[in-house]
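A.B. asks: Turn this into a structure:
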Amino acid sequence: MRRTNFILITTDQQRADHLGCYGNPVLRTPNIDALAQRGVVFDRCYVASPVCMPNRGAIMTGRMPSAAGVRMNGVPLPLDAWTFVDALHEAGWRTALIGKCHLQNMTDALPTWLRDSPAAEGQREAVRDRRDGDGYRQESIERWRDPAHVVGLPYYGFEHVELCLEHGDRVGGDYVRWLNRKGFDPEPYRGRANALPHAVPDTLDAWRTAIPTELYPTSFVAERTMGWIDEHRAGSARDDPFFVHCSFPDPHHPLTPPGEYWNLYAPADVVLPATCAAAGPEDVPLKRALHAERAAGRRPRGTSRAIAVTPEEARVAIALNYGAIALIDDVVGRLWAYLRRTGLAEDTVVIFASDHGDFMGDHGLLNKGPLHYRSLIRTPLIWADPAGVRGERSAGLCSSIDLAPTILARAGVTAYRGMQGRALLDEPKAPNGPMAARDAVLIEEDTHHRYPGSPFPLRVRSLVTDRWRLSVRGDDVWGELYDLESDPEERHNRWADPTAAAVKSELMFRLVQEMQRHVDDAPQPLRMA
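C.D. replies: Just a heads-up that it's a prediction; the model follows:
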């Protein structure tokens with residue numbers, strides 16, 4: 001019996017409701033919506049961390065960032081970490097990654113805390129392995145300036161890797177080498193300095209790229225995903241099952257959708273989040289500080305951290321975000337047509353997910369940061385299995401760490417010890433139908449940015465239940481408590497509400513329990529002779 005193939009499609013920084021199948025009233029995503037109709041849509045999938053590297057490490061390992069060893073951006077996944085891709089490869093799957101990885105540092109810039117406190121750079125670490133050798137510089141932009149640089153394989157379980165580094169039209173890595181093989185030098189065409197004329201305010205990290213659509217990073221990822229599958233099917237191991245991670249670096253900022261996708265959506269047609277407004281006196285301190293920063297003209301430019309925006313800026317950003325997603329939707333359609341044409345659709349599970357969300361105007365904010373509003377922590381998760389149920393929706397809570405054990409369970413591969421996620425599908429009860437849901441989800445964030453009016457580093461732990469979201473800050477006196485049933489837009493913080501004191505106390509206890517349950521228990525104690 002032929003074993004199942006897997007294609008994991010991920011986007012970068014896409015909130016769940018920026019898809020038609022998740023209820024967006026403006027954005028048209030017919031191909032991803034069709035994928036949803038062929039499988040199960042998880043309506044309440046939450047991140048383990050709302051930051052790139054920590055949550056990507058969590059997805060790969062099925063372990064919380066604190067257990068996987070990737071507590072924040074800038075801290076790479078240990079090379080000795082066991083990933084679900086390792087497990088698949090060991091069990092006979094051929095494995096490939098096409099696109100963004102970000103399990104190691106891409107930028108060569110100093111971390112923010114070293115820029116402010118350079119004396120800390122020479123401080124001795126509490127551990128001997130600082131993860132700073134050549135093996136941890138494989139995604140470094142500086143290393144990729146060497147035309148001879150290649151990723152050492154296997155790379156976290158992948159036997160074939162073609163990388164995208166960074167975002168928008170500034171992507172580097174194997175993408176640039178692909179362009180060069182096509183006889184195209186991207187340097188005169190990309191970046192803000194080379195952009196086509198446009199009316200986007202320079203306060204936004206966005207410009208109209210001169211890179212044509214067929215040569216844009218999204219097209220590279222789709223073309224090379226299909227190309228690698230073709231190469232696999234033509235090789236000596238063509239009868240082996242495959243797992244390929246098709247990882248798009250969009251719609252992460254800078255927002256540079258190419259060609260017709262730039263103005264596919266007009267800002268005037270955008271429906272703003274209901275909370276898109278300046279902060280008021282009743283809002284939490286960090287939200288007020290971010291809006292005060294914008295009002296005072298001190299908002300940083302070109303940053304990945306949360307910033308406050310005006311409604312007009314939010315409309316432009318959302319319209320461009322929709323354009324980037326529309327291109328992804330079109331190439332997902334091409335990928336599905338390819339699977340049908342080659343006969344692979346009958347034995348290939350296709351999964352669609354994202355690493356985390358984006359405020360995209362929610363509460364008047366953009367990008368990501370330590371305010372765990374639903375727009376940031378809730379991501380799409382679609383599981384389309386030709387042998388499974390079709391057109392089903394699951395309202396149960398699930399986490400990023402659940403994806404790894406779900407894939408291994410579907411593959412019939414035993415999960416490794418220390419994996420903290422749980423399989424989402426239950427074959428014995430219904431072919432690949434949803435299992436019983438979690439009763440709570442734990443979210444961890446240790447910031448790598450400084451925020452106005454906040455301690456550094458800022459640590460946040462959140463607990464999401466069917467009804468409530470509780471967020472506790474490690475070095476601050478204020479927190480958040482929202483009743484998601486009566487207040488789904490998270491407008492009314494009940495942290496200091498005496499009528500919610502009993503609920504807050506119960507949730508604090510449950511948060512401590514979840515943190516204890518997710519303490520790393522690997523490796524197990526050694527058995528002495």
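A.B. asks: who's in contact with residue 285?
C.D. replies: By C-beta atoms under 8 Å, 6 or more residues apart in numbering, the residues touching residue 285 are 453-454, 476, 478. To be clear about C-beta, it is placed using only N, CA and C from the backbone, and glycine gets the same treatment.
A.B. asks: go with 6 Å
C.D. replies: Taking C-beta atoms under 6 Å, 6 or more residues apart in numbering as the criterion, residue 285 is in contact with residue 478.
A.B. asks: same deal with residue 11?
C.D. replies: 248, 354.
A.B. asks: now the one 3 residues further on
C.D. replies: For residue 14, the contact set (C-beta under 6 Å, 6+ apart) comprises 251, 354.
A.B. asks: Against residue 138, how distant is it?
C.D. replies: Counting by C-beta to C-beta, to the nearest Å, the gap from residue 14 to residue 138 is 25 Å.
A.B. asks: what do you get for residue 349?
C.D. replies: Taking C-beta to C-beta, one finds residue 349 at 28 Å from residue 138.
A.B. asks: Likewise for residue 263?
C.D. replies: 37 Å.
A.B. asks: low-confidence ranges in the stretch 351-500 of the chain?
C.D. replies: Applying pLDDT under 70 to the stretch 351-500 of the chain flags the ranges 427-436.
A.B. asks: Okay, helices next: where are they in it?
C.D. replies: Shown for the stretch 351-500 of the chain, the helices assigned by DSSP state H, counting those that start in this stretch span residues 374-377, 403-411.
A.B. asks: Over to the stretch 151-300 of the chain?
C.D. replies: 174-181, 217-234, 285-295.
A.B. asks: Please apply the same query to the stretch 1-150 of the chain.
C.D. replies: Under DSSP H, counting those that start in this stretch, the stretch 1-150 of the chain gives helices at 30-37, 52-61, 65-68, 84-90, 112-116.
A.B. asks: Out of those, flag the one nearest residue 77.
C.D. replies: Between residue 77 and the helices of the stretch 1-150 of the chain, the tightest spacing by C-beta to C-beta is seen for helix 52-61, at 4.5 Å.
A.B. asks: Tell me which other helices or strands that closest one touches.
C.D. replies: Applying 3 or more C-beta pairs under 6 Å, 6 or more residues apart in numbering; DSSP states H and E, we find helix 52-61 packed against helix 65-68.
A.B. asks: Run through who's touching the helix it packs on.
C.D. replies: Applying C-beta under 6 Å, 6+ apart, the contact partners of helix 65-68 are 49, 54, 57-58, 61, 71, 444, 520.
A.B. asks: Pull out the buried residues from it.
C.D. replies: The neighbour-count check on helix 65-68 (16 or more other C-beta atoms under 10 Å) flags 65-68 as buried.
A.B. asks: The closest residue to residue 233 other than its chain neighbours - how many residues pack around it?
C.D. replies: Closest residue to residue 233 apart from its sequence neighbours, by C-beta to C-beta, 6 or more residues apart in numbering: residue 342 at 7.5 Å. Residue 342 is flanked by 13 other residues according to other C-beta atoms under 10 Å.
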